[in-house]
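A.B. asks: Below: sequence and its predicted model.
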Amino acid sequence: MGWRNACNRLLALTPAPERGQYQIQDESELVRAVAAILKDPEVEGLLDYSFERQEKRQTRYIGRGRGNPNRPKREIVTVRYPITAVTRQAESIAALQETFGRRAYVTDAALQQPTLEQTVLTYRDEWLIERGFHPLKGVPLSLNPLIVKRDDQVEGLTNLFSIAVRMLTLIEFVVRRKLKQNQEKLTGLIENNPKKGIDNPTTERLLKVFDNITITIVHLPGQIIRHIPPLTALQTRILELLGLSPEVYTRLAEN
């Protein structure tokens, strides 16, 4: 809610006496209304307020007609409890501000390893672990829907997909590490901006470079001819970054 909003709501409880404006005439009612606002977790214990009891006395004649010295009178007392001030509790606010930006980290690792700094840095990289399992939830892999009949099929497919996730993660890690070491960037990976170089390509981008590779097999009398298109410079460089020889590709035509 915020303290400014809370202040405005508190002051709005007791508006100035005007036609159509509800006036709180009971102290307990005011206390309950204020407590309902101040129990909000964002302002609880951070604001204080003061109010006063105001009386307005009016003398009126009883009955109709003009007044005269002998005509009976009555006194009407109107009571209201306006909030006179809303203040911030400086000490409570300062104590709360001391906790801002702090976070508790719990680990079952030994006290000496990792250090606090390493623990924090590892936690901040948690998204990398989650991102590694993201392929299992969609593209290029997906465990959902899993249409099988036996439990061993569930276990087998899960194990197979987990191996695939490891491969996808390993390819990305190896290429990125090598690019960082070489202070190198790959161009041609972004379709709408092929001249832009990047040093943190995803496995999906790397594999997309090898799309549309076809093997042509021609059966002739006494022989079989196989042909594959030559590798582009980018495809060759990706294989080199992975520590693979281009012969891995050319051997496809031999088998």
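C.D. replies: Sure, I can see it.

A.B. asks: quick one: stretch 243-252 to chain centroid distance?
C.D. replies: How far stretch 243-252 lies from its chain's middle: 43 Å, per Cα atoms, centre = their mean, to the nearest Å.

A.B. asks: Stretch 240-254 now?
C.D. replies: 42 Å.

A.B. asks: Only the buried residues of it, if you could.
C.D. replies: 241, 249 (16 or more other Cβ atoms under 10 Å). C-beta coordinates here come from the backbone N, C-alpha and C atoms, glycine included.

A.B. asks: Provide the contact partners of that stretch at residue level.
C.D. replies: 171, 174-175, 178-179, 215, 226-228, 231, 235-236, 239 (Cβ atoms under 8 Å, 6 or more residues apart in numbering).

A.B. asks: Between the two ends of that stretch, what distance do you get?
C.D. replies: Chord length of stretch 240-254, first to last residue, is 21 Å (Cα to Cα, to the nearest Å).

A.B. asks: in the helix or strand residue 29 falls within, what's buried?
C.D. replies: Assigned by DSSP states H and E, residue 29 belongs to helix 27-38. Neighbour counts over helix 27-38 (16+ other Cβ under 10 Å) mark 30, 33-34, 37-38 as buried.

A.B. asks: And the furthest pair within the residues you listed?
C.D. replies: The most widely separated members of the buried residues of helix 27-38, counting by Cβ to Cβ, are 30 and 38 (12.3 Å).

A.B. asks: Please, which helix or strand holds residue 85?
C.D. replies: Under the criterion of DSSP H and E, residue 85 resides in strand 83-88.

A.B. asks: Mind giving me the packing neighbours of that strand?
C.D. replies: helix 3-12, strand 47-51 (3 or more Cβ pairs under 8 Å, 6 or more residues apart in numbering; DSSP states H and E).

A.B. asks: For residue 83, find the nearest of the ones you listed.
C.D. replies: Closest among the helices and strands packed on strand 83-88, using Cβ to Cβ: strand 47-51, at 4.8 Å.
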